[in-house]
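J.: coordinates only, sequence not included:
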Ligand code: HEM
């Protein structure tokens, strides 16, 4: 319905819209879409909507709308509000969304309509933002004009008043207490935990290779996404509440309960209708019953850990807490810090919500970074070689350490480049609490865009990270790109990309890129665990590549992509592992 009388009105784009903390849309997509090098391109010049893979030549641009599209467009125009001043309106089609994750379509419309546009589906309308200047306004300059909107509804039953869904007053109190917990000595002690846990994973693989060797084989096939998930679960358990899930080597009821809860959180995030709020559904629908049981199991486990920590409380001032000898403490966890902090008495329920939030926020996200880093490296043998050469020269056969992480520059860049191409989550969600005037951003309306209170907003990190206006060769895997300065080149209101803006930072961040690179959000609601996660990924990747050569088992195209809480694979990341023959 390219040029109809409905042109000025919003258009239905429904299908599975998925709202979660951590974003949405759970439909699969051929992997070439997100792979490196030449795989992703815009098939027509600006103005076209179709992005596709070079290798899927049958994937013809869709120009015709079907009956369902037209019906859904009509419905939206009827139900949803009108236009927002001069803001462009995306004309999509419901059929666009059935074959692929939402954020791919959002990219097409970004290229077609610009960096701020309105998208409507069913009775709902969202403003989609893909511009660093506008994102900076929402996340930092006017941050308290926005809350998490629909995201909070979805997460509240699981995370309660944890930092991510918390109302503003709770958030202010808890953020002040939790953020200091991620201090330098804690992170240094965590590098030891990352190393110990990665060592368990490596030794598991070595044992499998030994068995294979005794049969005359040299290669094993492994599903690495699941292995990374176990590793990240063990790390978050030890780092946040000093509990060893031991999931790399065993199954246990608590691990099953964690995965059950994560599964449901993901499922909820892929449904627009809050089915879990239907009266009695919790007790009648078997999956909901299972979810309640899983949740209770984890909550009981967390309650026990909190009880123990409180029984052994040693109340101390924050400054003293931050100077403890973390490397030699038996319990260096964040829970210990939170319980011991003087003046931060808090009820057990709030503490449990905090722990649950960090368990969920810090687990799948990091596993996804490792998955995509390996996926990208495996397709780029020269970059893989460079990564392994760096590991050999920094580590030799030694274990990773905090000092080593500082020297593993290329591995750190591989990690952030994986996060650029596969941001976790690909979309952030906000809702305007008051009316606001958004800046126009690059190429937008100079007078900006007025939005009313209640406007729901998607901040597309995926679009920002692959914007042709802010990145050279935006779809290519080039870890080295972060070393280069990039001038603002006439983009008014954007300061350009300048590593010197954040001196001493181990990893590129939103300050260096003036909000063009936003893997951990920005402003007051920025991720508290960013350095934890980045160092964890660096250590795990370095230890894996120190010992093994890794290849994809099948073609990159056979790795299908799905999104829920994070961007992950549909059927796992199947790889072939061999002991490195040329390791030092
Ligand atoms: C690679 C791994 C990770 C990624 C990509 C990631 C990403 C993010 C992003 C984008 C946000 C901002 C959400 C928003 O503005 O709506 C966020 C918030 C948060 N993350 Fe992370 N995260 C990661 C790991 C972790 C870890 C390891 C922890 C804890 C140990 C953690 C705890 C949190 C918390 C508590 C918040 C809420 C902060 C607040 O609202 O004050 N994350 N994360």
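T.: Everything's here; your move. Since this is a predicted model, take the numbers as computed values, not measurements.
J.: Around the ligand, pick out the residues from the stretch 351-500 of the chain.
T.: By the rule C-beta under 6 Å from any ligand atom, the part of the stretch 351-500 of the chain lying against the ligand is 357, 358, 361, 362, 365, 366, 369, 424, 428. All C-beta atoms are positioned from the backbone trio N, CA, C, and that covers glycine.
J.: and those residues as JSON lines, adding secondary structure?
T.: What follows is these, written out as JSON lines (DSSP: H, G, I helix; E, B strand; the rest coil):
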{"residue": "357", "secondary structure": "helix"}
{"residue": "358", "secondary structure": "helix"}
{"residue": "361", "secondary structure": "helix"}
{"residue": "362", "secondary structure": "coil"}
{"residue": "365", "secondary structure": "helix"}
{"residue": "366", "secondary structure": "helix"}
{"residue": "369", "secondary structure": "helix"}
{"residue": "424", "secondary structure": "coil"}
{"residue": "428", "secondary structure": "strand"}
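J.: If any of these are buried, give me the ChimeraX selection for them.
T.: Applying 16 or more other C-beta atoms under 10 Å to those leaves a buried subset, and the ChimeraX line that selects it is:
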select :357,358,361,362,365,366,369,424,428
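J.: Point me to the residue of the stretch 251-400 of the chain nearest the ligand.
T.: Residue nearest to the ligand within the stretch 251-400 of the chain (C-beta to the nearest ligand atom): residue 362, separated by 2.7 Å.
J.: quick one: that residue from residue 259, how far?
T.: When distance is defined by C-beta to C-beta, to the nearest Å, residue 362 is 15 Å away from residue 259.
J.: Also residue 379?
T.: From residue 379 across to residue 259, the span is 29 Å (C-beta to C-beta).
J.: same question, residue 451
T.: To residue 259, residue 451 is 39 Å away according to C-beta to C-beta.
J.: same thing with residue 294?
T.: Plainly put, residue 294 is 8 Å away from residue 259 if you go by C-beta to C-beta.
J.: re earlier: now do the same contact list for the residue of the stretch 251-400 of the chain closest to the ligand.
T.: Residues near residue 362 by C-beta atoms under 8 Å, 6 or more residues apart in numbering: 232, 236, 239, 240, 529, 532, 533.
J.: Residue numbers of this protein in contact with the ligand?
T.: Going by C-beta under 6 Å from any ligand atom, the residues of the chain near the ligand are 163-164, 175, 240, 357-358, 361-362, 365-366, 369, 424, 428, 519-521, 525, 527-529, 532-533.
J.: again, only this time at 5 Å
T.: 163-164, 175, 358, 361-362, 365-366, 369, 424, 428, 520-521, 525, 527-529, 532-533 (C-beta under 5 Å from any ligand atom).
J.: Check for me that residue 458 belongs to a strand.
T.: Yes: secondary structure assignment (three-state DSSP) places residue 458 inside a strand.
J.: That one contacts residue 426, doesn't it?
T.: No: here residue 458 does not reach residue 426: they are 9.5 Å apart, not a contact under C-beta atoms under 8 Å.
J.: if we can go back for a sec, redo the contacts of residue 362 as JSON lines? Include pLDDT, distance to residue 434 and secondary structure.
T.: Output for these, formatted as JSON lines (pLDDT from 0 to 100; distance: C-beta to C-beta, whole Å; DSSP: H, G, I helix; E, B strand; the rest coil):
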{"residue": "232", "pLDDT": "96", "distance to residue 434": "38", "secondary structure": "helix"}
{"residue": "236", "pLDDT": "97", "distance to residue 434": "36", "secondary structure": "helix"}
{"residue": "239", "pLDDT": "97", "distance to residue 434": "38", "secondary structure": "helix"}
{"residue": "240", "pLDDT": "97", "distance to residue 434": "35", "secondary structure": "helix"}
{"residue": "529", "pLDDT": "98", "distance to residue 434": "30", "secondary structure": "coil"}
{"residue": "532", "pLDDT": "98", "distance to residue 434": "34", "secondary structure": "helix"}
{"residue": "533", "pLDDT": "98", "distance to residue 434": "33", "secondary structure": "helix"}
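J.: Counting neighbours, which of those comes out on top?
T.: The most neighbours of any of the contacts of residue 362, using other C-beta atoms under 10 Å, belong to residue 236, which has 31 neighbours.
J.: Quick one: residues contacting that residue.
T.: Applying C-beta under 8 Å, 6+ apart to residue 236 gives the contacts 358, 359, 362, 363, 366.
J.: tally of neighbours for the residue of the stretch 51-200 of the chain found nearest the ligand?
T.: Closest approach of the stretch 51-200 of the chain to the ligand (C-beta to the nearest ligand atom) occurs at residue 163, with a separation of 4.0 Å. Under the neighbour criterion other C-beta under 10 Å, residue 163 is assigned a count of 20.
J.: what's the distance between residue 145 and residue 430?
T.: Taking C-beta to C-beta as the measure, residue 145 and residue 430 are separated by 9 Å.
J.: Settle it for me: which of those two has more neighbours?
T.: Applying other C-beta under 10 Å to residue 145 and residue 430 shows that residue 430 carries more neighbours, namely 24 against 17.
J.: how deep is residue 409 tucked in, by neighbour count?
T.: By other C-beta under 10 Å, the residues close to residue 409 number 16.
J.: no wait, residue 188
T.: By the criterion of other C-beta under 10 Å, residue 188 has 17 neighbours.
J.: Now do the same for it: helix, strand or coil?
T.: Using three-state DSSP, the three-state assignment for residue 188 comes out as helix.
J.: What pLDDT is listed against it?
T.: The predicted local confidence for residue 188 comes out at a pLDDT of 96.
J.: List the residues that contact it.
T.: Residue 188 touches 326, 327, 402, counting by C-beta under 8 Å, 6+ apart.
J.: low-confidence ranges in the stretch 151-300 of the chain?
T.: Applying pLDDT under 70 to the stretch 151-300 of the chain picks out residues 269-274.
J.: how about the strands in it?
T.: 219-223 (DSSP state E, counting those that start in this stretch).
J.: those helices in it, which residues are they?
T.: Along the stretch 151-300 of the chain, the stretches classed as helices by DSSP state H, counting those that start in this stretch are 168-178, 184-214, 224-241, 253-269, 281-284, 286-311.
J.: Just want the angle from the longest one to strand 219-223.
T.: The one in question is helix 184-214. 130 degrees (axes from the mean of the first three to the mean of the last three C-alpha atoms, to 10 degrees).
J.: re the thing from before, who's more crowded, residue 294 and residue 259?
T.: residue 294 (21 against 17).
J.: Now for whichever residue of the stretch 401-550 of the chain sits closest to the ligand: which residues touch it?
T.: Taking C-beta to the nearest ligand atom, the ligand has its nearest neighbour within the stretch 401-550 of the chain at residue 529, 2.3 Å off. For residue 529, the residues meeting the contact criterion (C-beta under 8 Å, 6+ apart) are 182, 358, 361, 362.
J.: Give the residue spans of the chain that score low on pLDDT.
T.: Low-confidence segments of the chain, defined by pLDDT under 70: 1-83, 91-99, 121-123, 269-274, 582-584.
J.: Ramachandran angles for residue 576?
T.: Backbone dihedrals for residue 576, given as degrees, to the nearest 10, come out at phi -110, psi 130.
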